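> sequence and predicted structure are below.
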Amino acid sequence: MSDAHSRDEERAARLAAQRKAWNDAHPTYYAEYRDRNREEIRRKNREYMRDQAQRERDEKERRQKGIDRAKTWAKEHPQERQQARERYKQKHPEAYKQAQRDYYHRNREAIAERRRAREAADPERANEARRRAVDRAREAGRDATWSPTPDQRATYRERENEARRQARRRARAGLPERQLHRVHAPERRHNDAAANAFFAQRRTGQDIARIRDQDEPTPPELVHALQERSENRRVVREILAIAEEYFVDHEVELRARVAEVSRARFRAGMLPLDVYTEPRRHALEFASRGYLRANVASPRSSLTVFRWLTSDYAQRRPDISL
């Protein structure tokens, strides 16, 4: 096995040396090939993307059919569904609790609305439910009439006062109210449009003076951190754009090279490379190294950008947009 492995390694090294020698002897071959077949390469890329989009749609439809079948079965077999849920709850208690919490956070407005509707329709039943909750708390040894201590009340009041002070400062600076809660897609689009309109409007001298004269100016370290993060994200976007353009122009070459290396790895007893993500990783590595060599602003920022680009997430999702 070791002799066969060494022979495979020698053969792979010999092929790599031959390929390098051929590339050195024909330095313009790939550029000329791309120029001659640019439309064909782009056509194949478009077909590949269409096929990929169709596969994703088929997979989504398949998952939806599975969900519909499960819902139909649950309606037709309520007792079996309840038994299956109890078995899952006993086998995976933490996962079940987390799923319950996630469902509540996704639908808490609808849940609260249904509860208010039930209480309005049958107030006596709601009162009875509250009395049963108080009785259960007493049986468990908990104080059913719990109230906060004076220290806790002081803490709550201080937090409320601080929130009011922040709201007044934001209003004096001309900033919108702070809204931190889960939003659905329509509200998120509305918020994005409002934010774009707010930051796109022109500021007068009085507006700028009012913002500068606010009670608590932004600490310099936070401003520096924001500027550095914005610069890093700008560099990442530029590198990803270069990598995408390089991948489009060299896709055939990159995939052929990855396929050849994968065959050599398979013959050597190793796992082959992923023919979908590995070419993009090579394009990303080429673009990042070339960009950072030509546009290094500071060693620290370039190291941060390079670490992000070479992370597993960036390698698996090189088309991410920041």
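Right, received. Where do you want to start?

> number of residues surrounding residue 258?
Using other CB atoms under 10 Å, the number of residues around residue 258 comes to 20. Any C-beta I mention is one placed from the backbone N, CA and C, and that applies to glycine too.

> tell me the SS of it?
When states are read from DSSP: H, G, I helix; E, B strand; the rest coil, the local structure at residue 258 comes out as helix.

> I figured it hits residue 277, correct?
No. In this structure residue 258 lies outside contact range of residue 277 using CB atoms under 8 Å: 9.5 Å.

> quick one: list the elements packing against the helix or strand harbouring residue 264.
Taking DSSP states H and E as the criterion, residue 264 maps to helix 220-267. Contacting helix 220-267 under the criterion 3 or more CB pairs under 8 Å, 6 or more residues apart in numbering; DSSP states H and E are the following elements: helix 2-25, helix 29-36, helix 38-76, helix 277-294, helix 299-309.

> what about residue 263, how many residues nearby?
For residue 263, the neighbour count with other CB under 10 Å is 14.

> isn't it right next to residue 275, touching?
No. The pair residue 263 and residue 275 fails to qualify as a contact (CB under 8 Å) at a distance of 11.0 Å.

> quickly list what's touching both of the two.
Counting by CB atoms under 8 Å, 6 or more residues apart in numbering, residue 263 and residue 275 have no contacts in common.

> please parse this structure into its domains.
What automatic domain parsing lists as the domains of the chain is 89-143, 150-178+207-214, 218-322.

> now distance to residue 21 too, for the ones you listed, in CSV please.
Shown next, in CSV, are the domains of the chain (distance: least, CB to CB, whole Å):
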stretch, distance to residue 21
domain 89-143, 57
domain 150-178+207-214, 64
domain 218-322, 15
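
> now residue 229: how far from residue 177?
With distances defined as CB to CB, to the nearest Å, the gap from residue 229 to residue 177 amounts to 25 Å.

> quick one, which of those two is more surrounded?
Here residue 229 and residue 177 are compared on neighbour count by other CB under 10 Å; more neighbours surround residue 229, at 12 against 7.

> pLDDT score for the more buried one?
Residue 229 is assigned 76 on the pLDDT scale.

> list the contacts of it.
Residue 229 makes contact with no residue under the criterion CB under 8 Å, 6+ apart.

> so is residue 177 in a helix, a strand, or just coil?
The assignment at residue 177 comes out as coil when based on three-state DSSP.

> what's the burial count for residue 252?
The tally of other residues near residue 252 (other CB under 10 Å) stands at 17.

> kindly provide the distance from it to residue 101.
Here the distance between residue 252 and residue 101 works out to 48 Å (CB to CB).

> how about the helices of the stretch 101-250 of the chain, start to end?
Using DSSP state H, counting those that start in this stretch, the helices assigned to the stretch 101-250 of the chain run over residues 123-139, 150-172, 185-200, 205-212, 220-267.

> export those to JSON lines and tack on distance to residue 18?
Conversion of these to JSON lines gives the following (distance: least, CB to CB, whole Å):
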{"stretch": "helix 123-139", "distance to residue 18": "79"}
{"stretch": "helix 150-172", "distance to residue 18": "67"}
{"stretch": "helix 185-200", "distance to residue 18": "55"}
{"stretch": "helix 205-212", "distance to residue 18": "66"}
{"stretch": "helix 220-267", "distance to residue 18": "12"}
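
> nice, that's everything, thank you.
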